[in-house]
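*Asks:* Got a sequence here, can you build the structure:
(one chain, ligands or ions: 1)
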Amino acid sequence: MKITDIRLARFTAPLRVPFKTALRTVENVSDIIVEVHTDDGRVGYGEAPPTGVITGDTTGGIIGALKDHIIPTMLGKDVEYLEELFTLLDGSCVHNTSAKAAMDMALYDLYGQKYQIPVYKMLGGARKQIETDITISVNPPEEMAEDTLNAISRGYDCLKIKVGKDAETDIERLKAVRRAAGKNAKIRIDANQGWSPREAVRTLEKMQAAGLDIELVEQPVKAHDIEGLRFVTQYSPVPVMADESVFSPRDALEILRTNAADLINIKLMKCGGLHNALKIVSACEIYGVECMIGCMLEAKVSVNAAVHLACAKRQITRVDLDGPVLLREDPILGGAVFKEKDITVSDAPGLGIEGFEAGRLTYL
Ligand SMILES: [Mg+2]
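*Replies:* Next comes the predicted model:
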């Protein structure tokens, strides 16, 4: 099954409401789609969202990495030798993990199609269904309470709240969210690198003292500050999850080896795809650290690949794959079924994406 053509396209879809974190505000998803065609007429799909402030991967960077490095490396290659293709993919250029992730998932898609097995079963087949949390954007407390009520009424019982802009206001926001959510809902928070280590410990102590009952905090300090992360992990009353600090399997190993975090958030766009995500999952399993699977603001092609991974592996105990439900429309055919918090993986061979509604892709 030789790769005969690789096409790139742009896919754009509006969000239901603007998505705000400590780092950015986004109103549309506008991602690069990769279509990998083979000599037996199959098509494998991949997706890469530009997230310059997180991964450094911009739209132009993703297109450049694919056109100048990844596509020339992959054309003419045989998909049946997956292992070799991943070595070539990782070696095609440094960094550019989003572009690599898009190619990686298209390769898994084709391999699964060839051997008529859904990717989640190929990788372990732990379960068919998972439940995602939902992110509540950073806004004034009253507005966040309203968004919380809305999420609870739609059946969500695990909320992810973006914090990290200003500690005092964060606590006010969380009080409003906890009041609206009731005491049974889980509340996890994501500071997106917004605090200093001491500020993080102080703030988390205050939050728990205020009865906010926070399940975990994601990335309290700067991505590069592993010492600071370890400090928070050691002294915080709230379990700490590394997100922006862990891109590669090597990063994960460093965190695990030094006990710098209690939990690790895996995202395909950070690690360069499923083949590297699997290495992180295995490392976490060895160290007895549970994982969350997360996504950027992505549409269903790449989030669907993350669903396959989450359904394959028991070590992934938490799911933050709310990208598709944050979109106002779903013009992508096939793949996992997203019904608010309930996600059901597709049993179609490969990743199960069938294509896009007519006219939704702009080929580059
Ligand atoms: Mg995060």
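
*Asks:* from here on, contacts and neighbour counts on C-alpha atoms
*Replies:* Fine.

*Asks:* going on from the longest strand seen in the chain, what's the next piece of helix or strand?
*Replies:* In terms of residue count, the longest strand belonging to the chain (DSSP state E) is strand 3-20. Using DSSP states H and E, the next helix or strand after strand 3-20 towards the C-terminus is strand 25-38.

*Asks:* ok, what's across the strand from Ile6?
*Replies:* Beta-bridge partners of Ile6, counted by DSSP bridges, are Val36.

*Asks:* Would you mind confirming that it is in contact with Ile33?
*Replies:* No - judged on CA atoms under 8 Å, Ile6 makes no contact with Ile33 at a distance of 10.3 Å.

*Asks:* Looking at these two, which has the bigger crowd around it?
*Replies:* More crowded of Ile6 and Ile33, by other CA atoms under 10 Å: Ile33, with 27 against 21.

*Asks:* Let me know the pLDDT of that one.
*Replies:* In this model, Ile33 is scored at 98, pLDDT.

*Asks:* again with Val138
*Replies:* Value for Val138, per-residue pLDDT: 83.

*Asks:* Now do the SS call for it.
*Replies:* Put simply, Val138 is coil when judged by DSSP: H, G, I helix; E, B strand; the rest coil.

*Asks:* if I read this right, it contacts Thr148, doesn't it?
*Replies:* No - with contact defined as CA under 8 Å, Val138 does not count as touching Thr148 (11.6 Å).

*Asks:* Next, count neighbours for Ala210.
*Replies:* The number of residues packed near Ala210 is 12, by other CA under 10 Å.

*Asks:* what's the answer for Leu326, then?
*Replies:* 21.

*Asks:* do you know how far it is from His275?
*Replies:* 27 Å (CA to CA, to the nearest Å).

*Asks:* Would you confirm that Met241 belongs to a helix?
*Replies:* No - counting by three-state DSSP, Met241 falls outside a helix, being strand.

*Asks:* Bridge partners for Val240, pull those for me.
*Replies:* Assigned bridge partners for Val240, using DSSP bridges, are Val217.

*Asks:* Looks like it contacts Asp262 (just checking).
*Replies:* Yes - between Val240 and Asp262 there is a contact at 5.3 Å, judged by CA under 8 Å.

*Asks:* distance of the residue lying closest to Lys279 once chain neighbours are set aside from Val94?
*Replies:* Of all residues not flanking Lys279 in the chain, Pro249 sits nearest, at 6.0 Å (CA to CA, 6 or more residues apart in numbering). Counting by CA to CA, the gap from Pro249 to Val94 is 14 Å.

*Asks:* Residues in contact with stretch 145-156: which ones?
*Replies:* Contacts of stretch 145-156 with the rest of the structure, by CA atoms under 8 Å, 6 or more residues apart in numbering, involve Asp133, Ile134, Ile136, Leu159, Arg173, Ala176, Val177, Arg179, Ala180, Ala181, Glu340, Lys341.

*Asks:* What residues sit buried inside that stretch?
*Replies:* Within stretch 145-156, the residues scored as buried using 16 or more other CA atoms under 10 Å are Ala145, Glu146, Asp147, Thr148, Leu149, Ala151, Ile152, Tyr156.

*Asks:* cool, and stretch 349-364?
*Replies:* Within stretch 349-364, judged by 16+ other CA under 10 Å, the buried ones are Pro349, Gly350, Leu351, Gly352, Ile353, Gly355, Leu361.

*Asks:* Where do the helices of the protein begin and end?
*Replies:* Per DSSP state H, the chain carries helices over the ranges 59-64, 71-74, 82-91, 97-114, 119-122, 141-153, 167-181, 197-209, 226-235, 249-257, 268-271, 274-287, 300-312.

*Asks:* Point out the most buried one among these.
*Replies:* Highest mean neighbour count of the helices of the chain: helix 268-271, a mean of 30 (counted as mean count of other CA atoms under 10 Å).

*Asks:* what helices or strands is it leaning on?
*Replies:* Packing contacts for helix 268-271, counted by 3 or more CA pairs under 8 Å, 6 or more residues apart in numbering; DSSP states H and E, involve helix 97-114, helix 274-287.

*Asks:* Now do it: distance to the chain's middle.
*Replies:* Mean-position distance between helix 268-271 and its chain equals 7 Å (CA atoms, centre = their mean, to the nearest Å).

*Asks:* what does stretch 173-186 give?
*Replies:* 24 Å.

*Asks:* taking the mean pLDDT, what do you get for it?
*Replies:* 97.

*Asks:* how about the CA coordinates for that stretch, as PDB?
*Replies:* Below are the C-alpha coordinates for stretch 173-186, written out as PDB (Å, rounded to 0.1, in the frame of the first residue of the first chain):
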ATOM      1  CA  ARG A 173     -14.600  33.000  39.800                       C
ATOM      2  CA  LEU A 174     -14.200  29.500  41.200                       C
ATOM      3  CA  LYS A 175     -16.500  30.300  44.200                       C
ATOM      4  CA  ALA A 176     -19.200  31.300  41.600                       C
ATOM      5  CA  VAL A 177     -18.600  28.200  39.600                       C
ATOM      6  CA  ARG A 178     -18.700  25.800  42.700                       C
ATOM      7  CA  ARG A 179     -21.900  27.500  43.900                       C
ATOM      8  CA  ALA A 180     -23.500  27.000  40.400                       C
ATOM      9  CA  ALA A 181     -22.100  23.500  39.900                       C
ATOM     10  CA  GLY A 182     -23.200  22.000  43.300                       C
ATOM     11  CA  LYS A 183     -20.900  19.900  45.400                       C
ATOM     12  CA  ASN A 184     -21.000  16.700  43.300                       C
ATOM     13  CA  ALA A 185     -19.500  18.000  40.100                       C
ATOM     14  CA  LYS A 186     -15.800  17.700  39.700                       C
END
